[in-house]
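**Student:** structural data only, the sequence is not supplied:
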C-alpha cells in the first residue's frame, strides 16, 4: 500500500540477510545482524510520533510474518484491542517504558492502517426448532477418555465403510486476527458440538445442522480445547484466563486469570469436577529485549473446582528457588532456573490417584530435572510423586533454550544466552500429552513422545524407563508436536520432522507398545502440495491421530485428512481440505493445514477443523468439517 511506504523504509533498516528462512525470521525478531551482540533498545520516553515508537520497539518482530504478525496483519485489530495487548497481552514487555498516551497513539496509528477489522460476529446462524437429544457417543475433552488415548468409542469404521466416507457439511468461521484458525479441538456431548477458536469465540453447535445454540466471546484468542462434564464447559485463552460456562446456555459461571504473563496453549482435562489446566508462558521469548532481566517465568499446572473456579492446588514445574545467576555482557541481570512451561495436556490415572504432565524446556540455567520431563502429581494435592527428566542425551541431558539464542538466528549468541547453551541448540521438549496405556497382558505404561522424535514407555508407579525408541529425527519443529494415539496394542505416531530450511520429512508410524518395535510406517512423499503455497505446505504430520474401529485418522500440514488401516498401514481414504467451502447459509471459506486439534470420531461421523496458520508457518484457513459414513448394509 502506497501510504505505508515510509513504514516500509523503516522496516528495511532492520532486515538481515541470512540464507535460511527460519534464521531470517529470528534475525528480524531480534533486530540484530547474525552474530552480533544485542544492544539496549532506544529510549522511547520522549517519542511522540507513533511511527518512531513502532520503529524503536516493534518493527524488529513484525516484519516477516513468521512467529510474529506483520504490521498489515495487526492493523486489522481495533485500536482498543491493540492497546489492551500492549498493557496485558504478549506485547506488555515490549511496551515497558511507554506511558498510557504513547500506547494509545501507537494503537490508533496501527489500527488506522487498515479499514478491514477483525469480526465481532460469530458467523454462525442461530438454531431454531427442537433441541438435540442426549443420545449418542461422547468426546468430552482432548480425547474421549481421561487417559488421553484418543481411542474413539465408535466401532462403525470398517475399512469398506470408511472408503465411502463423505463430507456432510462445512462451516466457515470468521478468521481470527492475525492467524486465521488454529485447528482447534472439538468436543461432543449430549447431542451438541463444542469448539473454541482463535477468533475469540466458543461455539455450541448442532452437529446435524451446523447452526449455533449459543456463542461466547472470550477476552483472548482461544487455542485450548473445550472440556465438558455434568453441564459445565471449561476452556482457556491466550491471555491466561480460564472460563467456565453453562453448557446449555453459554452463561459464564466464572473466569479466572491463573497468572500474569501466562497463556493457556495446551488442553484442559475436566475430571470428577476438577479442571486440570496447563500453564505456559505469555512471554515465551523472555529475554528477547536485551534491557530486560531474563528470566523469571515458571510453568505450572493448576487444579480448579469446575463449579466455582476455586483453586484446589497449583504445582510449579521447577522446585529450585529462583536466584540471580549472573549478568549479561551489557550488564543486564540474569535469573534462573526458569521456563519449563506446560503446553500439552494432562492425563488422569484414577487407580494410582495421579495426573501425568509433560513439560517444556527451560529458559535459563542451572539445569533442572523437571525440564523436558514426565511428571506424576498427586491428583488431590498436586504434590510430586515422581519426575523423569528426558532431555536429549545428545544435548547432555539438558535443554536450556529461548528464541534469541537460536543457533540459526545468531551463531555467536546474544547478551542473555545461557553459558549452558551459548549457541541455542535445543527446543526438543514435549508438546504432546502423556497417555496412560493398559496393555492386553495387564501391564500398564505411561507413554510420552517428544519433539526430539523419541517415544518413551515409563512405569506409572515410579517413572522408571521401560523402553525407548527413536521414531523420528526430531528438531525445533520436529518429532511429535501435538499428540499421538494408542489402542492398547499399538501407538500411532505422527512425525513432523521439519529441518532448518523448513523442509519437512514427515511420516506416520505404528509401534508395538509391549515390545517397543515398529509395526508399520507410511510417508506421503513431498505431500500433496501442487498448487499450494510453499513452504507453508509440507508433508509434516502434526495433527494428533484418532483410532476408530479398523482405521486410524490423521491430518497433515498439506491439508489432507487420511485414514489408514490399523493392521498394516494401508491408505484407505483421504480428503483434501485445502479448497473453497460454502456453509449452510452461504458463508464462504477456505481450508488449510491440519494441525493442533486432530480429528474427533463419534458414532458414524468425523469432525475436524481445517486451517492451522498460527505463527505464519502453515496454511491458514478456518473451516469446521463434518464427515459421515454411509448407511451400513443390511
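**Tutor:** That came in fine, so what should we check first? Since the structure is predicted, the reported quantities are computational estimates derived from the model, not experimental observations.

**Student:** tell me how the chain divides into domains.
**Tutor:** 2-112, 226-265+268-429 (automatic domain parsing).

**Student:** export the ones you listed as a markdown table, with columns for mean pLDDT and distance to residue 516.
**Tutor:** Placement of C-beta: from N, CA and C, glycine included. Listed next are those as a markdown table, based on pLDDT from 0 to 100; distance: least, CB to CB, whole Å:
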| stretch | mean pLDDT | distance to residue 516 |
| --- | --- | --- |
| domain 2-112 | 67 | 32 |
| domain 226-265+268-429 | 90 | 15 |
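
**Student:** could you dump those into JSON lines with mean neighbour count added?
**Tutor:** Below are these laid out as JSON lines (neighbours: other CB atoms under 10 Å):
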{"stretch": "domain 2-112", "mean neighbour count": "18"}
{"stretch": "domain 226-265+268-429", "mean neighbour count": "21"}
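
**Student:** so which of these is nearest residue 214?
**Tutor:** Checking those against residue 214 by CB to CB gives domain 226-265+268-429 as the closest, at 3.4 Å.

**Student:** out of everything not next to it in sequence, what's closest to residue 229?
**Tutor:** residue 270 (4.6 Å; CB to CB, 6 or more residues apart in numbering).

**Student:** wait, doesn't that neighbour sit right on residue 140?
**Tutor:** Yes - with contact defined as CB atoms under 8 Å, residue 270 counts as touching residue 140 (7.3 Å).

**Student:** export the domains of the chain to TSV and tack on distance to residue 124?
**Tutor:** Output for those, formatted as TSV (distance: least, CB to CB, whole Å):
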stretch	distance to residue 124
domain 2-112	20
domain 226-265+268-429	13
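
**Student:** out of these, nearest to residue 521?
**Tutor:** domain 226-265+268-429 (21.2 Å).

**Student:** any idea how far that closest one is from the chain center?
**Tutor:** Centre-to-centre, domain 226-265+268-429 and its host chain are 13 Å apart (CA atoms, centre = their mean, to the nearest Å).

**Student:** ends of that domain, what's the gap?
**Tutor:** End-to-end distance for domain 226-265+268-429, by CA to CA, to the nearest Å: 24 Å.

**Student:** what residues does the residue nearest in space to the middle of the chain make contact with?
**Tutor:** Nearest to the mean C-alpha position of the chain, counting by CA atoms, centre = their mean, stands residue 265 at 5.2 Å. Neighbouring residues of residue 265 by CB atoms under 8 Å, 6 or more residues apart in numbering: 223-224, 238, 278, 280, 343.

**Student:** again, only this time at 7 Å
**Tutor:** Contact analysis of residue 265 by CB atoms under 7 Å, 6 or more residues apart in numbering lists 223, 280, 343.

**Student:** can you redo those residues as JSON lines with secondary structure and distance to residue 621?
**Tutor:** Shown next, in JSON lines, are these (DSSP: H, G, I helix; E, B strand; the rest coil; distance: CB to CB, whole Å):
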{"residue": "223", "secondary structure": "coil", "distance to residue 621": "15"}
{"residue": "280", "secondary structure": "strand", "distance to residue 621": "24"}
{"residue": "343", "secondary structure": "coil", "distance to residue 621": "22"}
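
**Student:** tabulate the residues you listed in JSON lines, adding columns for distance to residue 101.
**Tutor:** Output for the contacts of residue 265, formatted as JSON lines (distance: CB to CB, whole Å):
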{"residue": "223", "distance to residue 101": "32"}
{"residue": "280", "distance to residue 101": "32"}
{"residue": "343", "distance to residue 101": "36"}
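
**Student:** closest one of those residues to residue 555?
**Tutor:** residue 223 (16.4 Å).

**Student:** make sure the closest one is actually in contact with residue 240.
**Tutor:** No - counting by CB atoms under 7 Å, residue 223 sits too far from residue 240 to count as a contact (11.9 Å).

**Student:** show me how far the longest helix anywhere in the chain is from its chain's centre.
**Tutor:** Criterion DSSP state H: the longest helix present in the chain is helix 100-112. With CA atoms, centre = their mean as the basis, helix 100-112 stands 30 Å off its chain's centre.

**Student:** and it, what does it pack onto?
**Tutor:** With contacts defined as 3 or more CB pairs under 7 Å, 6 or more residues apart in numbering; DSSP states H and E, the packing partners of helix 100-112 are helix 50-57, helix 79-88.

**Student:** one more pass at 10 Å, please.
**Tutor:** helix 50-57, helix 71-74, helix 79-88 (3 or more CB pairs under 10 Å, 6 or more residues apart in numbering; DSSP states H and E).

**Student:** so residue 400 bridges to which residues?
**Tutor:** Beta-bridge partners recorded for residue 400 (DSSP bridges): residue 362.

**Student:** in contact with residue 111, which residues?
**Tutor:** Contact partners of residue 111, counting by CB atoms under 10 Å, 6 or more residues apart in numbering, are 74-83, 117.

**Student:** distance to residue 91 for these - can I get that in a markdown table?
**Tutor:** A markdown table is the format used below for those (distance: CB to CB, whole Å):
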| residue | distance to residue 91 |
| --- | --- |
| 74 | 9 |
| 75 | 14 |
| 76 | 16 |
| 77 | 11 |
| 78 | 15 |
| 79 | 14 |
| 80 | 14 |
| 81 | 11 |
| 82 | 8 |
| 83 | 10 |
| 117 | 19 |
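
**Student:** which one of the residues you listed sits closest to residue 472?
**Tutor:** For these, the nearest to residue 472 is residue 74 (34.5 Å; CB to CB).

**Student:** which ones are touching that closest one?
**Tutor:** Neighbour list for residue 74: 58, 62, 68, 81-82, 85, 91, 107, 110-111, 113-114, 177-178 [criterion: CB under 10 Å, 6+ apart].

**Student:** how about a cut-off of 6 Å?
**Tutor:** residue 110 (CB atoms under 6 Å, 6 or more residues apart in numbering).

**Student:** if I look at it, how far off is residue 506?
**Tutor:** 31 Å (CB to CB, to the nearest Å).

**Student:** for residue 274, same thing?
**Tutor:** Taking CB to CB as the measure, residue 274 falls 36 Å from residue 506.

**Student:** quick one on the thing from earlier: bridging residues for the residue nearest to residue 229?
**Tutor:** Assigned bridge partners for residue 270, using DSSP bridges, are residue 275.

**Student:** give the contact list for it.
**Tutor:** So residue 270 contacts 227, 229, 234, 306 (CB under 6 Å, 6+ apart).

**Student:** can you check residue 326 too?
**Tutor:** Counting by CB under 6 Å, 6+ apart, residue 326 has contacts residue 334.

**Student:** swap in 8 Å and give it another go.
**Tutor:** 333-334, 419.

**Student:** what does residue 76 give?
**Tutor:** 114, 116-118, 177-178.

**Student:** dihedrals phi and psi, it?
**Tutor:** phi -80, psi -10 (degrees, to the nearest 10).

**Student:** how close does it sit to residue 103?
**Tutor:** Computed as CB to CB, the residue 76 to residue 103 distance reads 19 Å.
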